[in-house]
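Engineer: Have a look at this prediction, sequence included:
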Amino acid sequence: MRAFLLICAAGALGSGARYLVASTAQRALGGPFAWGTLAVNALGCLLAGLLMELILHSDAVPTDLRLPLSVGFLGAFTTFSTFGHETFRYLEAGDWRLALANVAAQLLLGLAAVAGGVALGRSLLG
């Protein structure tokens, strides 16, 4: 039960952080493109790469915080369902250019961010 409550609490923090990061990025960059979702997904991928590297190759993250951070915080922070909805709306509006740009940006930046997180984790671990 303790693990469940920690995951729920971390999820609440993750969803709040998602709102703050996404709204700040969208306000700063503006326009019709989903910059807020891209920023959240890229940052989430970076954090996932870092967290998993630390979890898999060290004891830097206490065992009882691993699920709350990965499933709770990052699960609520990242926004794949929002990405899907935004891409669908671009397609529905006939804007294939924005739809394809969104898919390409989310995928490429997400993979690059995971690689960056893994590299950061490895450098921290020596």
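Structural biologist: Noted; the coordinates are in hand. Numbering: from 1, shown residues only.
Engineer: Can you show me the strands along this protein?
Structural biologist: For the chain, no strands are identified by DSSP state E.
Engineer: mean confidence for the helix of greatest length in it?
Structural biologist: In the chain, ranked by residue count with DSSP state H as the criterion, the top helix is helix 96-125. Over the span of helix 96-125, the pLDDT mean works out to 97.
Engineer: same for it, what does it pack against?
Structural biologist: Where contact means 3 or more CB pairs under 8 Å, 6 or more residues apart in numbering; DSSP states H and E, helix 96-125 is packed against helix 35-57, helix 80-92. No exception for glycine: its C-beta is placed from N, CA and C like everyone else's.
Engineer: Please save the CA atoms from the longest one in PDB.
Structural biologist: Output in PDB follows, covering the C-alpha atoms of helix 35-57 (Å, rounded to 0.1, in the frame of the first residue of the first chain):
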ATOM      1  CA  TRP A  35       5.600  23.300 -28.500                       C
ATOM      2  CA  GLY A  36       4.400  22.600 -24.900                       C
ATOM      3  CA  THR A  37       3.800  18.900 -25.600                       C
ATOM      4  CA  LEU A  38       7.100  18.600 -27.400                       C
ATOM      5  CA  ALA A  39       9.000  20.300 -24.500                       C
ATOM      6  CA  VAL A  40       7.300  18.000 -22.000                       C
ATOM      7  CA  ASN A  41       8.000  14.800 -24.000                       C
ATOM      8  CA  ALA A  42      11.600  15.700 -24.700                       C
ATOM      9  CA  LEU A  43      12.300  16.600 -21.000                       C
ATOM     10  CA  GLY A  44      10.500  13.400 -20.000                       C
ATOM     11  CA  CYS A  45      12.600  11.300 -22.300                       C
ATOM     12  CA  LEU A  46      15.800  13.000 -21.000                       C
ATOM     13  CA  LEU A  47      14.700  12.300 -17.400                       C
ATOM     14  CA  ALA A  48      13.700   8.700 -18.300                       C
ATOM     15  CA  GLY A  49      17.100   8.000 -19.800                       C
ATOM     16  CA  LEU A  50      18.800   9.500 -16.800                       C
ATOM     17  CA  LEU A  51      16.600   7.800 -14.200                       C
ATOM     18  CA  MET A  52      16.800   4.300 -15.900                       C
ATOM     19  CA  GLU A  53      20.600   4.500 -16.200                       C
ATOM     20  CA  LEU A  54      20.900   5.400 -12.500                       C
ATOM     21  CA  ILE A  55      18.400   2.700 -11.500                       C
ATOM     22  CA  LEU A  56      19.900  -0.100 -13.700                       C
ATOM     23  CA  HIS A  57      23.600   0.600 -13.000                       C
END
